[in-house]
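# Here you go, sequence then predicted model.
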Amino acid sequence: MGAQLRVYKRRIKSVTATKKITKAMEMIAASRIVKAQRQVAASTPYATELTRAVTAVATGSNTKHPLTTEVEAPVRAAILLITSDRGLAGGYSANAIKAAEQLTERLRGEGKEVDNYIVGRKGVAYYGFRERKIAESWTGFTDNPTYADAKKVAEPLIAAVQQDTAEGGVDELHIVFTEFVSMLTQTPVQNRLLPLSLEEAVEESGTKGEILPLFDFEPSAEDVLDALLPRYVESRIYNALLQAAASKHAATRRAMKSATDNAGELIKSLSRLANAARQAEITQEISEIVGGASALADATAGSDK
Amino acid sequence: MAAELHVELVAADRSVWSGEATLVVARTTSGDIGVMPGHQPLLGVLESGPVTIRTSEGGTVVAAVHGGFISFADNKLSLLAEIAELADEIDAQRAERALERAKSDEDAAAERRADVRLRAVAVR
């Protein structure tokens, strides 16, 4: 076998192995999307009921709560950015980070300081490499978040919102994550979580236009709101984590699918080249034999004379 | 037809139980409360503890609820809890072991969780 042909054969073998791996990853991601979607669906009833309750208290009473009132001159905002722990997902993490950068830029333009809270190793690495300050970060659960994880994330955020701004607290809480629109579309979104805007909450729960009954609060409207709002934030963060996980799997699937397709293309063009090299080798061998034979024939013909 | 109310018991990550009931007893921060069909719209904060649902078929469903809310309007009752388990799902022996472990570790939260589970099993 000629040297050229051997090189092609070796490359085909290695690309085939890569293709097998990417194909497997694609299929794993596809099965995980379904699982993640099911989790999003399972968490919906709780989120809807909670939003209904929050709207009921907030509209049904004149309670003022630090988590629902807008500060006149906000000086500091917190951004919770949700990225993934692992790569191989195309532009998934990069897009979320870009959205967070835009939001940071906008908030800075409005004269607010920005505290960064980050979920996922990719985001931590991005901010760490640029030596930006991270208020707090969490890693290790982005593929399969549980409610306990969401609680862990929400805890310092709620504490920061409740704290006085002068003592390092924040006035606003924004969340940046990748929304799972469909199998093919995932878009990074920026949402303001707190202070709570009721119109948005109502729209999201799909209870728009519904007249809420006059509730009897047990023990009191303030206490109920006090207990409800942290849970509401937790449930929103949980929902964001689940959607981000589903988006991550969808992005992985797409990235791996194109990697598999590309590997297929590469194998095809490499085998063309390998075939051409083989043909060239054979042609050369034939012409060598023919050349040799005719030289021999010429030589004997010459010696006869 | 006897008066009925629709109950949804939802945990943060799943829907635990839903169905028709004639009476629901739960513990709010200001004491036990029983809700029957036609009750005034109510929104309350729940204590950790067992919730008893008397179904319209005459059976009883007991669930351990770890904090959460009770909301009642239009004859629909929602029990929201971060963690909720039906008494049938609870492994009593495991809860007892957890209670002992929590006591020796002085882990108050775990102790309370195990205690609520055991109480729910006892009511069943």
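Now that the structure is in, tell me what you want to look at.

# Which SSE is immediately downstream of the worst-scoring helix or strand of chain A on mean pLDDT?
Ranked by mean pLDDT, DSSP states H and E, the weakest helix or strand in chain A is helix A:198-205, scoring a mean of 60. Sequence-wise, the next helix or strand downstream of helix A:198-205 (DSSP states H and E) is strand A:216-218.

# which residues touch residue B:98?
Applying CB atoms under 8 Å, 6 or more residues apart in numbering or on different chains to residue B:98 gives the contacts B:110, B:113, B:114, B:117. Every residue, glycine included, has its C-beta placed from N, CA and C.

# Find the helix or strand that it is a member of.
With DSSP H and E as the test, residue B:98 turns up in helix B:92-105.

# list the buried ones in that helix?
B:95, B:98, B:99, B:102 (16 or more other CB atoms under 10 Å in any protein chain shown).

# Kindly state the pLDDT recorded for the second one?
So the one you mean is residue B:98. Note for residue B:98: predicted pLDDT of 79.

# what's the answer for residue A:280, then?
92.

# Then residue B:6?
90.

# That one against residue B:76, yeah?
Yes. Counting by CB atoms under 8 Å, residue B:6 touches residue B:76, with 4.9 Å between them.

# what about the strands in the stretch 51-200 of chain A?
Along the stretch 51-200 of chain A, counting by DSSP state E, counting those that start in this stretch, strands occupy A:76-82, A:113-119, A:136-138, A:172-180, A:186-194.

# CSV for the ones you listed, including mean neighbour count, distance to residue A:94 and mean pLDDT?
Shown next, in CSV, are the strands of the stretch 51-200 of chain A (neighbours: other CB atoms under 10 Å in any protein chain shown; distance: least, CB to CB, whole Å; pLDDT from 0 to 100):
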stretch, mean neighbour count, distance to residue A:94, mean pLDDT
strand A:76-82, 25, 12, 90
strand A:113-119, 22, 14, 90
strand A:136-138, 18, 18, 90
strand A:172-180, 24, 11, 90
strand A:186-194, 19, 10, 86
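
# now for the ones you listed, which one comes closest to residue A:264?
strand A:186-194 (24.7 Å; CB to CB).

# Can you pull out the residues in contact with the closest one?
A:67-68, A:80, A:92, A:95-96, A:98-100, A:102-103, A:161, A:172-181, A:233, A:236-237, A:240, A:247, A:250-251.

# Tell me the residues of chain A that contact chain B?
When proximity is defined as CB under 8 Å from any CB of the partner chain, chain A approaches chain B at A:39, A:42-43, A:45-46, A:49-50, A:52-53, A:56-57, A:146-147, A:151, A:212-219, A:223-224, A:227-228, A:231, A:234-235, A:238.

# residue contacts, the closest residue to residue A:263 other than its chain neighbours?
Once flanking residues are discounted, residue A:263 sits nearest to residue A:19: 3.6 Å by CB to CB, 6 or more residues apart in numbering or on different chains. Applying CB under 8 Å, 6+ apart, we find residue A:19 in contact with A:260, A:263, A:264, A:267.

# do the same with residue A:149
Residue A:149 is in contact with A:138, A:141, A:238, A:241, counting by CB under 8 Å, 6+ apart.

# same thing but at 7 Å, please
A:141, A:241 (CB atoms under 7 Å, 6 or more residues apart in numbering or on different chains).

# again, but for residue A:2
Residue A:2 neighbours (CB under 7 Å, 6+ apart): A:277, A:281.

# any idea how far chain B is from it?
62 Å (CB to the nearest CB, to the nearest Å).

# now residue A:261: how far from residue A:87?
Residue A:261 sits 19 Å away from residue A:87, taking CB to CB, to the nearest Å as the criterion.

# element containing the residue nearest the centre of chain B?
Compute the mean C-alpha point of chain B, and by CA atoms, centre = their mean the closest residue is residue B:51, 3.0 Å away. Assigned by DSSP H and E, residue B:51 falls within strand B:49-55.
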